[in-house]
Structure formats: C-alpha cells, structure tokens
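> Have a look at this fold, sequence not included:
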C-alpha cells in the first residue's frame, strides 16, 4: 500500500504502524510548491524528513512532483478567489484536487490496493461501506478537511492513527526512533511566507484596492481600508469601534462598489448559509431536502444544528439558531444528526 508521507510525525507513525502490521508499505511525498516558503508543509526539509523516516523503517520512498497541478488547482484559485471577494481555503482545495484526486489516481495506476495518510480521522464500517468519522483526539480532529472525500476514495483509504491522541502518536514515534517525533505541527499555508504574510503574497500577484467602511445602520462612512480584498464577513480586526467603544464587525463586502459594510454583533448574525450547489459532495447517498444535521464551518469551530434545504437558486442551510455568517468561499462539512461524529458531505459557501 502507498502511504502519503508529508515529513511530519503523524504520517511517519502511520507508515510505521502499517509496516508493523505486516503490510507491504511504500512511502510517497508530494512536491507541491516551488516558490519561497518558510512555513507550512511540503518544503525541501519535509521531503528529507520523510525520506530519512522511510530509511529507518526500511521501506521504499518516492517523491511525486505536482507543482504545476498545485499552482493550477490551489494557488491560482486562491488568488482569483480573493480578487472576487471570496475567502478560499487552500488546504481543503489541496486535499480535494491533489492529495486525494491525483494521488489516488496515481496509486491505482501503479497497482496499489490502498492509500494511507496520517490524518486524525477514522473510518467506520456501515452497511453502505466505510464512512468518515471524527478522530479520537478532539483537539486534532481533521475530519473537516476531509469532508469532500467520495465513496470511492473512502473505499481505498486507510487512516492508521485516527484512534490515537497526538501525545500517543509522538510517544510511539519516539519509541520507534523516528526523527519527526518532536517536530512541530504545520500551522500555516505552505506557499505563504510566515515572515511576510498573506497580504504581501497577494499584493505580489494582484492589485489590492481601497474601499469605504460604512456603518450598516446609519449609512455613514466611518473609515477606509487600503486592501478591501482582504476584508472578510465577520472580521473585527481593522474595523473601528463605535463612539461608545462597542465592537463592530464586517457584515458585507462589495468589491464592485468598493464598499465594506460594518455593524454590531447583532447586525452580523444570520439564520441561513447559502451553498454552491456545484460543490456539493456526499459521502454515500445524497442527502435530500429537509435533512437535519450538524454543520461545521471551520476546522475547530463548534458544529451548528440545522436543516439542509433546496432553494430556488441552489441549496442552503437553515440554522436552528442565528450564528455568525460564513464567508463566501469557505467550506461547510455536514455531520449526521443522529451520529454527530460521522461525515455526511460538504459544500462551499456561496
């Protein structure tokens, strides 16, 4: 079987566990970003870490170059998304298009019967086939970023560390003698230098424009921003408080009018989330209109209860209680209402 080895401790232990179970294991590391980077994953040092772990484990190791595909499917849509007023999630797009679509296709062509990764998520056996469920460590659960996996991919997937806590993973790596046992987790977008940040990256690839900040209640202009494309619905940083010191948040971004509407928390709350129907993915059988579920809108946010409904112009989620809106371009992952750890599907917010 093929093990995707990022050079981190999780995928290192995934490979070690499968080897110890007697599987014929081959490691593969993806070379994705060819530009400058001082953060994230998939750097030259990560490739070297994966290679040296494979040597310790006594398994073959390969490097697959997907730099062109990564730029086409992840980096370019990231920039175009911000130019259109969206707030894309590049890590989810990388999983959707590169780490699972392209890697799984290559694994099948090479004759592998399964692909394993070091994600903190689990697979549950059901009468309809394997289903994705949350990892055992709630602080490290990564089922959110895997919400777009299809039934075919789930049939071919192994998640060897999903039943372990992060501490247990590190402990096993140390006992086995893997150099990655105390390696810090990747926290940042791999193609954005942490020392420069998102704004510098986007300015190097697109113009950022000014816009007025307008109070949603009075219509009065209260300030300006010199990077309207970086303003996100729900954002508080960079928004002036009112004269009484009350916090204000971005409630709407209109790049065409160069207008950012801001308001108080109660002006921000919403009961619906509109979805891009073309991105709807279901783990097994498609959900029907009226299906209740838990809807998670960020990697570690609290899930929201609601109903998935078909509307005149697509699909939407009607929440049981008002909540902060989700920025267009972000992902929502659906969890079964009666099995709140089990993933039903996912979609991108419109």
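Happy to help now that I have it. From a predicted model like this one, the values you see are computed outputs, not experimental measurements.
> Tell me which residue lies nearest the centroid of the chain.
In the chain, the centroid-proximal residue (C-alpha atoms, centre = their mean) is residue 92; its distance is 3.4 Å.
> That one is in contact with residue 142, isn't it?
No: look at residue 92 against residue 142 with C-beta atoms under 8 Å: they stay out of range, at 10.8 Å. For the C-beta atoms, the positions are set from N, CA and C on the backbone; glycine is no exception.
> Look at residue 186 and report its pLDDT.
Listed pLDDT for residue 186 reads 79.
> do the one 3 residues further on as well
On the pLDDT scale, residue 189 is placed at 87.
> Now do the SS call for it.
Assigned state for residue 189: coil (three-state reduction, DSSP: H, G, I helix; E, B strand; the rest coil).
> and residue 133, what are its bridge partners?
residue 122, residue 342 (DSSP bridges).
> Counting neighbours, what do you get for it?
Using other C-beta atoms under 10 Å, residue 133 has 22 neighbouring residues.
> Please report the distance of it from residue 147.
From residue 133 across to residue 147, the span is 12 Å (C-beta to C-beta, to the nearest Å).
> what is in contact with those two at once?
Residues touching both residue 133 and residue 147 (C-beta atoms under 8 Å, 6 or more residues apart in numbering) are residue 343.
> any low-confidence regions in the stretch 101-250 of the chain?
187 (pLDDT under 70).
> how about 90 then?
Low-confidence segments of the stretch 101-250 of the chain, defined by pLDDT under 90: 128, 185-190, 193-196, 237-238, 240-246.
> Residue 244: neighbour count?
Neighbour count of residue 244, defined by other C-beta under 10 Å: 5.
> Over to residue 24?
For residue 24, using other C-beta under 10 Å, the count is 11.
> Just the pLDDT for the nearest residue to it once chain neighbours are set aside.
With sequence-adjacent residues excluded and distances taken as C-beta to C-beta, 6 or more residues apart in numbering, residue 24 is closest to residue 1, at 6.9 Å. pLDDT for residue 1: 96.
> Spit out the contact partners of residue 1.
For residue 1, counting by C-beta under 8 Å, 6+ apart, the contacting residues are 18, 23-26, 112-116, 158.
> Could you rerun that using 10 Å?
By C-beta atoms under 10 Å, 6 or more residues apart in numbering, the contact list for residue 1 reads 15, 18, 23-26, 107, 112-116, 156, 158.
> Return the subset of these lying in strands.
Among the contacts of residue 1, DSSP state E puts 26, 115-116, 158 in strands.
> Neighbours of residue 157, how many?
If we define neighbours as other C-beta under 10 Å, then residue 157 has 20 of them.
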